[in-house]
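Peer 1: sequence and computational prediction follow.
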Amino acid sequence: MSKYKIIGESVPNMPWQEGAESKSSMPLRRYSENPIIGRNPLPGVARVFNSAVMPYEGKFIGVFRGEQTNGIPFIYLGHSEDALHWTFDPEKILFTDENGRPFMPRYAYDPRLVKIEDTYYLIWCQDAYGAAIGMAKTKDFKTFMRLENPFLPFNRNAVLFPRKIDGKFMLLSRPSDSGHTPFGDIFLSESPDLVYWGRHRHVMGKSPEWWEAVKIGGGASPVETSEGWLLFYHGVTSTCNGLVYSIGGAILDIDEPSKVKYRCETYLLTPEEWYEERGFVPNVCFPCATITDAGTGRIAVYYGAADSYVGVAFTEADTVIDYIKEHSVVRPEDAESGRR
Ligand code: BMA
């Protein structure tokens with residue numbers, strides 16, 4: 001019997017590996033065949049990383065950050081029978097605007113994917129006179145309607161919650177300045193219609209813990225559990241040789257997710273394997289999605305590695321929630337509602 005429940009779909013065919021190894025008793029265990037997507041996966045695309053996947057019609061579908069050979073990132077659609085071996089559509093996703101005209105962002109990166117009721121939403125980073133949040137919806141993964149800029153620049157790492165709370169869409173994001181690093185806290189915003197957003201509340205800040213002292217950012221769409229919203233996010237530290245991105249874990253209040261219930265003071269996974277330490281940008285583990293099975297409590301975390309590859313790590317709700325709770329340190333400004 002599981003101690004904690006995942007509230008969501010049963011996905012008995014989700015990817016899993018018995019006996020996957022963990023480092024230093026960490027709760028996330030890497031898939032032994034990582035990276036699951038290698039370099040040059042399709043013509044004109046040098047690297048695929050920081051990507052999001054989900055179950056779809058008994059198989060799996062995903063939106064992938066494809067860095068083209070001219071260096072500009074776009075989003076490509078991928079298909080898989082087992083969520084481990086992927087094939088990609090050769091052309092990047094072409095959106096339409098709200099009037100049905102073709103729309104192609106100037107660039108698009110770090111896509112996330114979530115199903116709310118009967119619609120799938122893509123959220124990514126794009127240009128709107130600076131790095132900003134892009135959003136589109138689809139019902140069939142054939143046509144994608146891009147919604148006009150929901151937020152002002154500069155903001156990135158947006159993730160939508162998989163259900164409305166109190167009748168409102170809820171979104172985590174990480175506002176910043178026009179640079180790459182300052183202002184590294186996660187905020188919550190709500191909307192009745194995905195057009196008008198407000199009641200912006202502080203969720204959690206970068207922390208004094210060194211591994212996440214520079215900035216943090218939402219990772220995978222939060223997983224609903226009996227303990228609260230389980231959030232895998234990224235935390236960044238600075239070294240004399242550049243930034244290091246690790247995966248962190250927190251549990252947010254189920255009804256008021258701007259309140260942090262538990263927050264793990266250590267990372268859950270940090271760059272240690274060759275595909276995480278070596279690549280276009282070394283030392284990056286950047287979570288963007290999970291696949292979960294409510295029946296067994298299994299969780300697969302999908303993360304970009306070294307801005308070059310996609311990796312998968314496995315855990316169970318019981319394992320990771322207990323770990324987060326046992327190592328939890330919540331500062332008063334994270335525990336409060338975040339309303340000022
Ligand atoms: C962040 C984002 C990510 C990237 C990371 C490391 O700011 O741009 O897409 O993986 O930097 O380069």
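Peer 2: Ah, there it is.
Peer 1: got a list of what the closest residue to H85 other than its chain neighbours touches?
Peer 2: Excluding its sequence neighbours, the residue lying closest to H85 (Cβ to Cβ, 6 or more residues apart in numbering) is I36, at 7.5 Å. All C-beta atoms are positioned from the backbone trio N, CA, C, and that covers glycine. By Cβ atoms under 8 Å, 6 or more residues apart in numbering, the contact set of I36 is L84, H85, W86, Y309, V310, G311, V312.
Peer 1: gap between the host helix or strand of D318 and the chain center?
Peer 2: Assigned by DSSP states H and E, D318 belongs to helix 317-326. Between the centre of helix 317-326 and the centre of its host chain there is 19 Å, according to Cα atoms, centre = their mean, to the nearest Å.
Peer 1: buried only: go through the contacts of I36 for me.
Peer 2: The neighbour-count test (16 or more other Cβ atoms under 10 Å) applied to these identifies L84, W86, Y309, V310, G311, V312 as buried.
Peer 1: what's in contact with the helix or strand the last one falls within?
Peer 2: In other words, V312. Per DSSP H and E: V312 is located in strand 309-316. Counting contacts by Cβ under 8 Å, 6+ apart, the residues outside strand 309-316 that touch it are 2, 15-17, 20, 27-31, 34-39, 47-49, 51, 64, 83-84, 247, 269, 273, 275-276, 279, 285, 296-305.
Peer 1: of the residues you listed, which ones also sit close to the ligand?
Peer 2: Among the contacts of strand 309-316, the ones lying near the ligand by Cβ under 6 Å from any ligand atom are G304.
Peer 1: return the subset of the contacts of strand 309-316 lying in strands.
Peer 2: The members of the contacts of strand 309-316 that map onto strands under DSSP state E are 29-30, 47-49, 51, 64, 247, 285, 298-305.
Peer 1: nearest to the ligand: which residue in this structure?
Peer 2: For the chain and the ligand, the shortest gap (Cβ to the nearest ligand atom) falls at V281, measuring 3.9 Å.
Peer 1: so who does that residue touch?
Peer 2: Shown in contact with V281 (Cβ under 8 Å, 6+ apart): G242, A306, D307, S308.
Peer 1: you'd agree the third one is up against E277?
Peer 2: No. Between D307 and E277 there is no contact, the gap being 12.0 Å when judged by Cβ atoms under 8 Å.
Peer 1: which of these two has more residues huddled nearby?
Peer 2: D307 (20 against 16; other Cβ atoms under 10 Å).
Peer 1: what residues are up against the residue lying closest to D110 once chain neighbours are set aside?
Peer 2: Nearest non-adjacent residue to D110, counting by Cβ to Cβ, 6+ apart: N50, 4.6 Å away. N50 sits next to R65, Y109, D110, P111, F286, C288, Y303, G304, D307 when contact means Cβ under 8 Å, 6+ apart.
Peer 1: what do you get for G242?
Peer 2: V281, P282, N283.
Peer 1: run the chain-centre distance for whichever strand or helix holds A158.
Peer 2: A158 is part of strand 155-160 when elements are defined by DSSP H and E. Centroid separation for strand 155-160 versus its chain: 9 Å, with Cα atoms, centre = their mean.
Peer 1: isn't G297 up against I7?
Peer 2: No. Using Cβ under 8 Å, G297 is not in contact with I7; the gap is 11.0 Å.
Peer 1: between the two, tell me which one has more neighbours.
Peer 2: A side-by-side neighbour count of G297 and I7, using other Cβ under 10 Å, places G297 first with 20 against 13.
Peer 1: separation between the more buried one and K5?
Peer 2: The gap separating G297 from K5 is 7 Å, by Cβ to Cβ, to the nearest Å.
Peer 1: quick check: neighbours shared by these two?
Peer 2: Each of A317 lies in contact with both G297 and K5 under the rule Cβ under 8 Å, 6+ apart.
Peer 1: list the contacts of W124.
Peer 2: Shown in contact with W124 (Cβ under 8 Å, 6+ apart): V63, I75, A108, Y109, D110, P111, R112, I133, G134, M135.
Peer 1: tell me which element it is part of?
Peer 2: Element membership of W124, judged by DSSP H and E, is strand 119-127.
Peer 1: pull out the buried residues from that strand.
Peer 2: Y120, Y121, L122, I123, W124, C125, Q126.
Peer 1: quick one: mean pLDDT for it?
Peer 2: For strand 119-127, mean pLDDT rounds to 97.
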